[in-house]
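>>> this one's structure only:
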């Protein structure tokens, strides 16, 4: 799938690319976040 960036867009191209890759990597990022929460050890009592 190609990513199309309009030449007459008001958004800078680097911001467009950054946003696009954040959206594409959202599932991986969410999975890493969930694993960090559930795989961390219990807090110490004291």
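Received, thanks. On a predicted model such as this, the values are computed, not experimentally measured, just so you know.
>>> Do a quick rundown of the helices in the chain.
13-24, 26-38 (DSSP state H).
>>> Looking at those helices, which is nearest to residue 6?
Closest of those to residue 6 is helix 13-24, at 9.2 Å (criterion: CB to CB). In this view, the C-beta of every residue, glycine as well, is placed from N, C-alpha and C.
>>> where does this protein dip in pLDDT?
Residue ranges of the chain with pLDDT under 70: 1, 46.
>>> outside of stretch 10-30, which residues touch it?
3, 5, 9 (CB atoms under 8 Å, 6 or more residues apart in numbering).
>>> Report the buried residues of stretch 5-12.
Of the residues in stretch 5-12, none is buried by neighbour count under the rule 16 or more other CB atoms under 10 Å.
>>> neighbours of residue 25, just the number please.
11 (other CB atoms under 10 Å).
>>> Residue 16 now?
With other CB under 10 Å as criterion, residue 16 counts 14.
>>> Please report the distance of it from residue 31.
25 Å (CB to CB, to the nearest Å).
>>> got it, and residue 39?
For residue 39 relative to residue 31 (CB to CB), the value is 11 Å.
>>> Could you tell me the end-to-end distance of stretch 3-23?
For stretch 3-23, the first-to-last residue distance is 13 Å (CA to CA, to the nearest Å).
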